[in-house]
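Q: Kindly generate the corresponding structure for this input.
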Amino acid sequence: MKLLLHICCAPCAIMPLAELRKGFAETQIIGYFFNPNIQPFKEHERRLTTLRQWARDQALPLEEKPYNPLGWLRQVVYNESRRCSICYQMRMLEAGRMARQLGCQAFTSTLLYSIYQDRPAILAAANSAALTCGVDFLEMDFRPLWREGQGKARELELYRQPYCGCIYSEAERYMKTDLTLSLPRGENNGV
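A: From the prediction side, this is the model:
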């Protein structure tokens, strides 16, 4: 069996990969980095570089899709209040497509590891992607392993980002404000 693991970053992949290797010992696991939400470009590259090094150390094959933040931005601008759901849908659909392309029987995501992510929205997006792509989605709850994984990331001195990745979460982190409340209304924002 082959399983695709969508990965948002190396620190969030530590425990999910360990759990998958423990529970699916005979399964070939392939990592997949597709995160067009991560901005700015240097942040995206820093996360990807860290993941590449960690994946090499773990003997984890890693697939990547070229960085395309404009595709992500075009979907979320004027939809900021739904940006996370849109982002999950985009990434899970692409993970499902890649799983099918690589001949994987199933896919899952490290997004299910973070205690800060919207688990129901991720599951809805992943299950929809599984139906669309004809590949099973492996629902796992990696959240109980979060603290242990963060400790391991520190021990390994992996780069640990201080925000989710998108420009909105960066503003919320550093400006201590919700940008979606101060954005001007556009003609095409559905309001």
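
Q: switch to C-alpha atoms for all contacts and neighbour counts from now on
A: Fine.

Q: Which residues does the helix ranked longest in the chain contact?
A: Counting by DSSP state H, the longest helix found in the chain is helix 83-101. For helix 83-101, the external contacting residues (C-alpha atoms under 8 Å, 6 or more residues apart in numbering) are 3-4, 6, 32, 34-35, 37, 72, 75-76, 105-107, 121-122, 125-126, 128-130, 132-135.

Q: Show the buried residues in those residues.
A: For the contacts of helix 83-101, a burial check counting by 16 or more other C-alpha atoms under 10 Å picks out 3-4, 6, 32, 34-35, 37, 72, 76, 105-107, 121-122, 125-126, 128-130, 133, 135.

Q: Return the helix or strand in this structure with minimum mean pLDDT.
A: Lowest on mean pLDDT, DSSP states H and E among the helices and strands of the chain sits helix 167-175, with a mean of 80.

Q: and that helix with helix 83-101, angle?
A: 130 degrees (axes from the mean of the first three to the mean of the last three C-alpha atoms, to 10 degrees).

Q: Pull out the buried positions in helix 167-175.
A: In helix 167-175, counting by 16+ other C-alpha under 10 Å, buried: Ile167, Tyr168, Ser169, Glu170.
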